[in-house]
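> the following comprises the amino acid sequence and a computationally predicted model.
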Amino acid sequence: MEGEQRGGDGGREEEEERRRVMQLSTTVLRRVLWNCTRRLPPSSGESCGTAPGVYRPLAASPVELHPGCYSTLAATATTQQRPGGRADDRMIAAQLLAYYFTELKDDQLKKIDKYLFSMRLSDETVRDIMTRFHGEMQRGLGRDTNTTAAVKMLPTFVRSIPDGSEKGDFLALDLGGSNFRILRVKVTADKKQPVQMESQVYETPDDIIHGSGTRLFDHVADCLGDFIEKQNIKDKNLPVGFTFSFPCAQTKLNEDYEADIMAVVNDTVGTMMTCGFDDRRCEVGIIIGTGTNACYMEELRHMDLVEGDEGRMCINTEWGAFGDDGSLEDIRTEFDREIDRGSINPGKQLFEKMASGMYMGELVRLILVKMAKEGLLFEGRITPELLTKGKIETKHVSAIEKSKEGLKKCMEILTRLGVEPSDEDCLAVQHVCTIVSFRSANLVAATLGGILIRLKENKGATRLRTTVGIDGSLYKMHPQYARRLHKTVRRLVPDSDVRFLLSESGSAKGAAMVTAVAYRLSDQARQIQQTLAEFRLTKAQLMEVKKRMRTEIERGLGKESHQEATVKMLPTFNGDFLALDLGGTNFRVLLVKIRSGKKRTVEMHNKIYAIPIEVMQGTGEESARLPLGFTFSFPCHQTSLDAGILVNWTKGFKATDCEGEDVVELLREGIKRKEEFELDVVAIVNDTVGTMMTCAYEEPTCEVGLIAGTGSNACYMEEMKNIETVEGDEGRMCVNMEWGAFGDNGCLDDIRTQYDRTVDENSLNEGKQRYEKMCSGMYLGEIVRNILIDLTRRGFLFHAQDPRDFRDQVPVPDREVRAILQGLGLDSTCDDSIIVKEVCGSVSRRAAQICGAGMAAVVDKIRENRGLDHLDITVGVDGTLYKLHP
């Protein structure tokens, strides 16, 4: 492959053999040419000092012949017929000439390779540089190490790349050199021409460039005003993006500018955003031109210098300063050090001075000067032009390395420098240029490789698929640079599919894209916040929910209002509850005694019985008739410990012929039809009551039970005198509230959203259990799914995919959110994951808040029942939503 290191110089014996073969070849060549050529064809040159058309003997030694003469002789030998001449002589001559010049060229290139050995980087060295840069990136991101890091990793506050939905009219300013460019960029939905641009270039005089900052930015403002006048857009107040191609420590997008300047953009960021508009996988931007730099999208959780850990942000690496801390000293050469000493910023931007176009031509010049002084080039001739700084530019290096006309261009360039180059000199200079430019490509490939590995690690991917947006005169104009860079990158990061996308419109368009994205995100965020605002209940609204729950509690307890009440406040049976646990080698019996009276008590007794092996492995008849406790988690009107009338189904159940029936009797009949075992149902307990009793065993102050899972319900110990549906007024009784039906009478309609109504309309029990549908685990996922469908249809998510398969998922870290979404077939971005997480958070937060408001009503009721100013009480809680939600 081009640029790989050639073999070593070889030993002394190998060199001696080469010289012997060359001498023999030259001798044979001279004799053959003498025999087959009597007269040279007319020529305009006198390479060997012989006039055209004159007979002469060939030179006595190979070094006396100019290569041009050999070329002429070879052409004559293979094309001219001579009476009595032999074709074999001509063939031998051509072959020997080819061998001679190949050996001559290889010998010359080997000398250059040896001379510039320190500039020829092996793959091992390039990988080592990549590893060093990867470590420098980490140092730049760390809060404690950033100040001493050479690679500063500056946050840009650009949080998203274009997604194709951007539209609008924007201005872009590009200040990065002697010219200042202003663009008007129109982004439309027109697929044929989505971006239309008009621009004007303004010259920035040297006295302004080297003057005060006030004069510079006054000049920028004057140019902007002139452009606005010419475009007749003075009254439109268009958003402005500003490309500023110099290192900036930003604190926000529009720092130190008026509000209508929405984005200050580094040129690398502009390049990434320009390419990102055409390829949404683009997450890296590189400039390889006069200077060199790169940016990429980093995970916020890794950026210590920025608050927050959700989503991504573009990092401006400022990699030109890589090595300023001495980490590249073993790579730098004497020529790099001379370049640095002669620069306006010695000791700074050392990587840039080794790799960028601004210094490449000067590096070549310094090498040629030294080689000429040592007699290795131009026969030792050194001219004032060759000694003049800047006489060889990077554009000359690019011209010299062109495959077809490179040597001709080299001859012209060197002739202008007055060094009277030979063909061998041109060949040598071309190879010097190749070594210098190839080193640049290798260095940039190493640092880019560090970024790509960082992206691969961040994504946890086995194979990285990404696009690199790229711009810069060196990359675009050098005939070999792009190919060399691409091949080296693919060797360094083999487990990757990297597309290199050339930025056609420059970084100024990128500034407009950043502005368009910022504008889109701002508008999108505003609309999403409006959508989710209905889920963010104020304290006053929550207090109103508590007040209404309290009203429904009183209605449910009242004898006359009980039938119309949505919160049924069902009394449970006071007495002995039996729970059985048969699941291993032991059989556990739990007896719970609830006693009413002036002092309510809950006693629990538990005993464990060993199950004999003959019973465990017997026919099953040995178990005889076992007692059974039945936990039934649906609204029941309980008349005794072993009798409960199902009021209505909840939580999505819709089994027929059950509502209004005794569920204990239905279970007994089912067991009887099975005819495989005998059980006697002795107790029916609501799950909420069971939760309260279980917790009361551990904590005597537990007088409230709450289920927050698939469904939602609560129970508590109410004073008997307040329960008008049960006779007696002494002591207390546990009341199963069945609060899931709260709001079925419309009292919560003012806080229900369109998404709540959609979920209700598509449920099995439309119009029922409305409170439960707003706060229980069974319905939260459906609410989220309907919100996501709405946001997708409005163009905010998933590139207009339809997330109809989205189901209940608790909010989790962004990478897990994205994995969930991709598992549902949704090509989600990091931005999508952030929005989904925010939606989940808003829905689940409201669920917790309205559940808390209901519980506050219960606790307040208990406190008032007892005439206390302060109440210490414990709530026993169970349910998957409560336990698993973070």
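Structure's in. What do you need?
> any idea how far E283 is from S561?
Using CB to CB, to the nearest Å, we find E283 at a distance of 63 Å from S561. In this view, the C-beta of every residue, glycine as well, is placed from N, C-alpha and C.
> out of those two, which sits in the more crowded spot?
With neighbours defined as other CB atoms under 10 Å, E283 and S561 compare such that E283 has more, 24 against 14.
> with adjacent residues omitted, what lies nearest to that one?
M297 (4.3 Å; CB to CB, 6 or more residues apart in numbering).
> I413 sits in which helix or strand?
helix 406-416 (DSSP states H and E).
> and stretch 842-854, which residues are buried?
S842, V843, S844, R846, A847, Q849, I850, C851, A853, G854 (16 or more other CB atoms under 10 Å).
> return the host helix or strand of F170 as PDB; C-alpha atoms alone will do.
Element membership of F170 [criterion: DSSP H and E] is strand 168-175. C-alpha atoms of strand 168-175 as PDB (Å, rounded to 0.1, in the frame of the first residue of the first chain):
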ATOM      1  CA  GLY A 168     -37.100  28.700   8.000                       C
ATOM      2  CA  ASP A 169     -35.100  31.700   6.800                       C
ATOM      3  CA  PHE A 170     -31.700  32.300   8.500                       C
ATOM      4  CA  LEU A 171     -28.600  34.400   8.300                       C
ATOM      5  CA  ALA A 172     -25.100  33.000   8.700                       C
ATOM      6  CA  LEU A 173     -21.800  34.900   9.300                       C
ATOM      7  CA  ASP A 174     -18.400  33.300   8.600                       C
ATOM      8  CA  LEU A 175     -15.400  35.000  10.100                       C
END
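> next secondary structure after that strand?
That would be, after strand 168-175 and using DSSP H and E, strand 179-187.
> strand partners (parallel or antiparallel) of whichever helix or strand comes after that following strand?
Once the chain leaves strand 179-187, the next helix or strand it forms, by DSSP H and E, is strand 195-203. Sheet pairing for strand 195-203, assigned by DSSP bridges, gives strand 179-187 (antiparallel).
> average model confidence for the partner strand?
The average of the pLDDT scores along strand 179-187 is 77.
> among the buried residues of stretch 842-854, which lie within helices?
Secondary structure assignment (DSSP state H) places S842, V843, S844, R846, A847, Q849, I850, C851, A853, G854 from the buried residues of stretch 842-854 within helices.
> quick check: the last one touching V545?
Spelled out, that is G854. Yes. Counting by CB atoms under 8 Å, G854 does reach V545; the two are 7.1 Å apart.
> ok, of the ones in helices among the buried residues of stretch 842-854, which one's closest to V567?
G854 (9.1 Å; CB to CB).
> what is the helix or strand hosting V284 packed up against?
Secondary structure assignment for V284, by DSSP H and E: strand 282-288. Packing partners of strand 282-288 (3 or more CB pairs under 8 Å, 6 or more residues apart in numbering; DSSP states H and E): helix 267-278, strand 292-299, helix 423-459, strand 464-471, helix 473-477.
> what lines up beside that strand in the sheet?
In the sheet, strand 282-288 lines up against strand 292-299 (antiparallel), strand 464-471 (parallel) (DSSP bridges).
> before we move on, back to that, what packs against the helix holding I413?
helix 394-400, helix 423-459.
> what mean pLDDT does the longest one get?
Think helix 423-459. 95.
> please apply the same query to the shortest one.
The average of the pLDDT scores along helix 394-400 is 95.
> as PDB, could you dump the C-alpha coordinates of it?
Taking Å, rounded to 0.1, in the frame of the first residue of the first chain, the C-alpha atoms of helix 394-400 are listed here in PDB:
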ATOM      1  CA  THR A 394       1.100  23.600   0.300                       C
ATOM      2  CA  LYS A 395      -0.500  24.100  -3.100                       C
ATOM      3  CA  HIS A 396       2.900  23.400  -4.600                       C
ATOM      4  CA  VAL A 397       3.200  20.200  -2.600                       C
ATOM      5  CA  SER A 398      -0.200  19.100  -4.000                       C
ATOM      6  CA  ALA A 399       0.800  19.900  -7.500                       C
ATOM      7  CA  ILE A 400       4.100  18.000  -7.200                       C
END
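> I'd like to know which elements that helix is packed against.
Using 3+ CB pairs under 8 Å, 6+ apart, helix 394-400 sits against helix 357-373, helix 406-416, helix 423-459, helix 473-477.
> contacts for it, please.
Identification of contacts with helix 394-400 by CB atoms under 8 Å, 6 or more residues apart in numbering yields 357-358, 360-361, 364, 406, 409-410, 413, 429-430, 433, 436-437, 473-474, 477-479.
> over to stretch 452-464?
By CB under 8 Å, 6+ apart, the list of residues contacting stretch 452-464 reads 130, 134, 137, 283-284, 296-299, 302, 466, 489, 493, 495-498, 815.
> and of the helices and strands packed on strand 282-288, who's closest to V877?
Among the helices and strands packed on strand 282-288, strand 292-299 sits nearest to V877 (CB to CB), with 35.2 Å.
> can you list contacts of the closest one?
141, 153, 156, 161, 266-269, 272, 283-287, 312-320, 351-352, 355-356, 444, 447-448, 451, 454-455, 458, 472, 474, 830.
> now with 6 Å?
With contacts defined as CB atoms under 6 Å, 6 or more residues apart in numbering, strand 292-299 is touched by 268-269, 272, 283-287, 312, 314-317, 319-320, 352, 355-356, 451, 458.
> for it, what is the average pLDDT?
94.
> now do the strands in the stretch 701-850 of the chain.
702-708, 712-719, 732-736 (DSSP state E, counting those that start in this stretch).
> so the helix or strand hosting A540 versus strand 732-736, what angle?
If you go by DSSP H and E, A540 is part of helix 539-557. Going by axes from the mean of the first three to the mean of the last three CA atoms, to 10 degrees, helix 539-557 is angled at 110 degrees with respect to strand 732-736.
> which parts of helix 539-557 are buried?
Buried residues in helix 539-557 (16+ other CB under 10 Å): L542, E544, V545, K546, R548, M549, R550, E552, I553, R555, G556, L557.
> I'd like the residues you listed as TSV, with pLDDT and distance to S522 appended.
As requested, the buried residues of helix 539-557 are arranged in TSV below (pLDDT from 0 to 100; distance: CB to CB, whole Å):
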residue	pLDDT	distance to S522
L542	97	30
E544	97	33
V545	97	33
K546	96	36
R548	96	37
M549	96	39
R550	96	42
E552	95	43
I553	95	45
R555	95	48
G556	94	48
L557	94	52
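> got the CA positions of the one helix or strand V498 maps to in CSV?
Assigned by DSSP H and E, V498 belongs to strand 496-502. Output of strand 496-502 as CSV, limited to C-alpha atoms (Å, rounded to 0.1, in the frame of the first residue of the first chain):
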residue,chain,number,x,y,z
SER,A,496,-16.3,0.2,11.9
ASP,A,497,-18.2,1.5,8.8
VAL,A,498,-17.1,5.0,8.4
ARG,A,499,-18.4,7.2,5.6
PHE,A,500,-16.4,10.4,4.7
LEU,A,501,-18.7,13.1,3.5
LEU,A,502,-17.2,16.2,1.9
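> what about A516, how many neighbours?
27.
> what separation is there between N345 and K721?
For N345, the distance to K721 - CB to CB - is 88 Å.
> make that K402, sorry
From K402 to K721 the distance is 102 Å (CB to CB).
> looking at these two, which is more packed in?
Between K402 and K721, counted using other CB under 10 Å, K402 has the larger neighbour count: 16 against 12.
> is the more buried one in a helix, a strand, or coil?
coil (DSSP: H, G, I helix; E, B strand; the rest coil).
> kindly state the beta-bridge partners for the residue nearest to E283.
Under the criterion used (DSSP bridges), M297 bridges to C314.
> how deep is it tucked in, by neighbour count?
24.
> what's the answer for T462, then?
T462: 7 neighbours (other CB under 10 Å).
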